[in-house]
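**Student:** Got a sequence here, can you model it:
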Amino acid sequence: MKINIPILYLLLCFAIPMSAEVGDTIIHKGVQYKITSQTEVSAIYYDSAFIIIPDSITHGTQKYAVTDAINRYNSGSCALKHYDKIDLSAATNITIINGLSSELISVDTLILPPNLKYFPSNISTCDSVTGDPIKESETLLPGIHRVFTTGTQDYQLHIHNNLSLLEADLSSHTATFEKSGTLFGDGFRSNPFLQKLKLPNTIKVFGPYVFSRDYSLMEISIPDSLIQISYDVFDEVAMTSLKLGALVENIHSQFAQEWYKLERIDVDTSNTHFMSKDGVLYTKDQSTLFHFPYYWTGSEFYIPLGTTTIGEFAFAYTAAENTMDQFPPRREAAPLKKLFFTPTLCELKPWVFFGSSITTYVGFHETQVHIIPSHCFCRSALESILLPETIREIGVRAFAETPNLRKLGAAMSQSIHTIGQEAFRDAWNLEEIDLFGCNALVEIPKSMCLRDSSLTYVGLPRNVQTIGDRAFEGCISLEKILCPAVDPISVNPSVFAGVPKWKCVLSVPAGSVEKYKKANVWKDFYYIEAAPMYYIATDVTDSLTGWVMGGGLYQKGENATVVANPYEGYQFSTWSDGITTNPRLIHVTKDMSLVAEFVKSTEAVETPASPASSNGKRIENGQVVIICDDKTYNTLGTEIR
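**Tutor:** This is a model prediction of the structure:
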């Protein structure tokens, strides 16, 4: 039989599959692929709710490696779709995901490929109602609820500003993240519905703001490899506890200033830098209270005996304004209201009680604290406090914006020599401030009591020399000002702006009334009266034998301590009025003049076993102190201890 050759050729063409060309699409197990080269394809369309992408597919006799699974084909079409799972765990040939298809609006679970090296941080997405494309949202995974990594790749995975993500498990990563071990700032910030996050065990550093504003975040797996925690890491998260591993050695003092739900912090017992007691974070030797959880369960707390320092921001709560109308971080009132101090405490760091809920501070006056640091009680719920006699300095804005503060004790510590600007500004309920007994204080700072609208009495220091601008501006309730300066101080009109000068009494030394009635600004006070103040003049018979401290101006009825201090080889003998008591307590009712007499010592001078038990001068903390009969005084005669 003779066969027609052209017909045979046509039959063979239909019998043998035609090879696909680059650009053609093929279907494989419910997924549409586009051929991108002779050996590679990209998945471009899913026709099933449950998708598994393999490492390769076969079409006819040709095998193609799957090198892309989620891309921006047909980006103008925003068809709304939902996928239960897209599993790329077997897609070993996919190393880069360039962008999410605009069709991937809702994906319950995405499992990333094991050899992934890059994932985008800015993705175009679509309006969930109209389907119209919208601007890039700076989010990694729009529309995806859960994401899981596979393999051990080392790339920087960011998930931030995502409104759909509920869970992320990155635990399979080697994740040294650019070889530094740092999880950089904004890495997981502002994912308001993210609840659970698992991190790889190779992260060494939490960078700033990493989990900030993850309002629903209830659980984070803290890596055992973690060494350092930066500032503002956990702001406004929903977690109630934190467990730190053995390697953590560096924690920024502001690591959790807006962590409103935190109830306790625990630390691995083998950690050599930190420890936890009753859920409170301390340095390992417990000498420093490092951080007190905002929502620690209890209304009272006792600082342990032996603790000498309270760290910066330890009790502070820096509430931020609501930044998301649809998901505001409503701050609940902290339970802690009363704090009991230990006598061993000697140092407060700046901002320590900033914004604190504590109203009552028990035993603070019995501590050895020397400085009320910058912003110490600023914006706190403090109602009243009695300061220690050891206080030398009050820092900038230390008591500013304390709307509940009414009392600071009967008088301020005599040892105070410095007050920072705005120290008491906007303390709207503060009723009086008496600085008269602060012998070393010569300057009233700018805006010290600005807008203290309930302030009725001010006693200026007996040695005051300058008063800063706006110091008492807005003190509309002032009834009396005691100014012991013999000569009126030159002041700016803003110092007393708003003070009711037509009824506020200005009390000055008896011989200075007429001077004040003629001095600029001071003359504006309608009532200027003579105050009962007396001067104690002190001197020595021979300036080479010793010196005296404690003289100066005092109010009538005030107690003054005068101390005669002999130099080496001499001893005190008597005062000019025949009294031999030293130090000497005087109830001031009149002007006095006292001259101290010293004589050569009749006892052999020996090197003392303890500097605190021998009379004389020495340097402590950079300041001269005087030792007299086992007591220590500053150079103005105020007993320090």
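**Student:** Which of the helices or strands spans the nearest residue to Ser212 once chain neighbours are set aside?
**Tutor:** Of all residues not flanking Ser212 in the chain, Asp235 sits nearest, at 4.2 Å (Cβ to Cβ, 6 or more residues apart in numbering). No exception for glycine: its C-beta is placed from N, CA and C like everyone else's. For Asp235, there is no host helix or strand (DSSP states H and E).
**Student:** In stretch 244-262, which residues are buried?
**Tutor:** Residues 244-245, 247-248, 251-262 are the ones in stretch 244-262 that count as buried (16 or more other Cβ atoms under 10 Å).
**Student:** And His291, how far from Ala168?
**Tutor:** 26 Å (Cβ to Cβ, to the nearest Å).
**Student:** Quick check: chain neighbours aside, which residue is closest to Ile227?
**Tutor:** Lys204 (4.8 Å).
**Student:** With Val588 instead?
**Tutor:** Tyr554 (4.2 Å).
**Student:** Surely that neighbour is in contact with Asn463?
**Tutor:** No: here Tyr554 does not reach Asn463: they are 11.5 Å apart, not a contact under Cβ atoms under 8 Å.
**Student:** The two - which one has more neighbours?
**Tutor:** Tyr554 (26 against 17; other Cβ atoms under 10 Å).
**Student:** any chance you could map the helices in this protein?
**Tutor:** Remark: helices assigned in the chain by DSSP state H are 5-15, 513-518.
**Student:** Confidence-wise, which of those helices is weakest overall?
**Tutor:** The weakest mean pLDDT among these belongs to helix 5-15, with a mean of 47.
**Student:** Give me the distance between the closest residue to Asp426 other than its chain neighbours and Arg425.
**Tutor:** Once flanking residues are discounted, Asp426 sits nearest to Glu401: 4.6 Å by Cβ to Cβ, 6+ apart. Separation of Glu401 from Arg425 (Cβ to Cβ) stands at 7 Å.
**Student:** neighbour-wise, which of these two wins?
**Tutor:** Neighbours were counted for Glu401 and for Arg425 using other Cβ under 10 Å; Arg425 has more, 24 against 20.
**Student:** distance of the closest residue to that one other than its chain neighbours from Ala381?
**Tutor:** Leaving aside its sequence neighbours, Arg425 sits nearest to Leu450 (Cβ to Cβ, 6+ apart; 4.0 Å). Distance, Leu450 to Ala381, using Cβ to Cβ: 21 Å.
**Student:** All the strands of the stretch 1-150 of the chain, residue numbers only.
**Tutor:** 25-28, 31-35, 40-46, 50-52, 56-59, 62-68, 82-87, 106-111, 125-126, 133-134, 144-148 (DSSP state E, counting those that start in this stretch).
**Student:** Report all helices and strands that the fourth one contacts.
**Tutor:** This means strand 50-52. The helices and strands touching strand 50-52, judged by 3 or more Cβ pairs under 8 Å, 6 or more residues apart in numbering; DSSP states H and E, are strand 82-87.
**Student:** quick one: strands adjacent to the strand it packs on?
**Tutor:** Taking DSSP bridges as the criterion, strand 82-87 forms sheet pairs with strand 50-52 (parallel), strand 106-111 (parallel).
**Student:** Can you give me the end-to-end span of stretch 26-44?
**Tutor:** Terminal residues of stretch 26-44 are spaced 10 Å apart (Cα to Cα, to the nearest Å).
**Student:** Which positions within that stretch qualify as buried?
**Tutor:** 26, 28, 31-36, 40-44.
**Student:** Can you add distance to Ser356 and give the residues you listed back as TSV?
**Tutor:** As requested, the buried residues of stretch 26-44 are exported to TSV (distance: Cβ to Cβ, whole Å):
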residue	distance to Ser356
Ile26	66
His28	63
Val31	58
Gln32	61
Tyr33	61
Lys34	61
Ile35	66
Thr36	61
Glu40	62
Val41	62
Ser42	57
Ala43	56
Ile44	57
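**Student:** min pLDDT across those residues, which one?
**Tutor:** Within the buried residues of stretch 26-44, pLDDT is lowest for Ile44, at 80.
**Student:** from memory that residue sits against Gly23, does it?
**Tutor:** No: assessed by Cβ under 8 Å, Ile44 is found out of contact with Gly23, at 11.6 Å.
**Student:** and for those two, which residues touch both?
**Tutor:** Lys34 (Cβ atoms under 8 Å, 6 or more residues apart in numbering).
**Student:** who's in contact with Gly498?
**Tutor:** 473-476.
**Student:** Buried among those? Make that a ChimeraX selection.
**Tutor:** Filtering those down to the buried ones (16+ other Cβ under 10 Å) takes a single ChimeraX command:
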select :473,474,475
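**Student:** Please produce CSV containing the contacts of Gly498, extended by distance to Thr318.
**Tutor:** Converted to CSV, the contacts of Gly498 look like this (distance: Cβ to Cβ, whole Å):
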residue, distance to Thr318
Glu473, 27
Gly474, 26
Cys475, 28
Ile476, 30
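**Student:** Show me where the stretch 351-500 of the chain has its strands.
**Tutor:** Here the stretch 351-500 of the chain has its strands, by DSSP E, counting those that start in this stretch, at 360-362, 371-372, 393-394, 418-419, 432-434, 443-444, 457-459, 466-467, 480-482.
**Student:** so which of those strands is the most packed in?
**Tutor:** strand 371-372 (a mean of 24; mean count of other Cβ atoms under 10 Å).
**Student:** Ends of stretch 401-416, what's the gap?
**Tutor:** End-to-end distance for stretch 401-416, by Cα to Cα: 21 Å.
**Student:** Poorly predicted segments of the stretch 401-550 of the chain, please.
**Tutor:** With pLDDT under 70 as the threshold, the stretch 401-550 of the chain has low-confidence stretches at 409-411.
**Student:** at 80 what do you get?
**Tutor:** 409-414 (pLDDT under 80).
**Student:** Local confidence estimate at Ser216?
**Tutor:** Value listed for Ser216 in the pLDDT field: 93.
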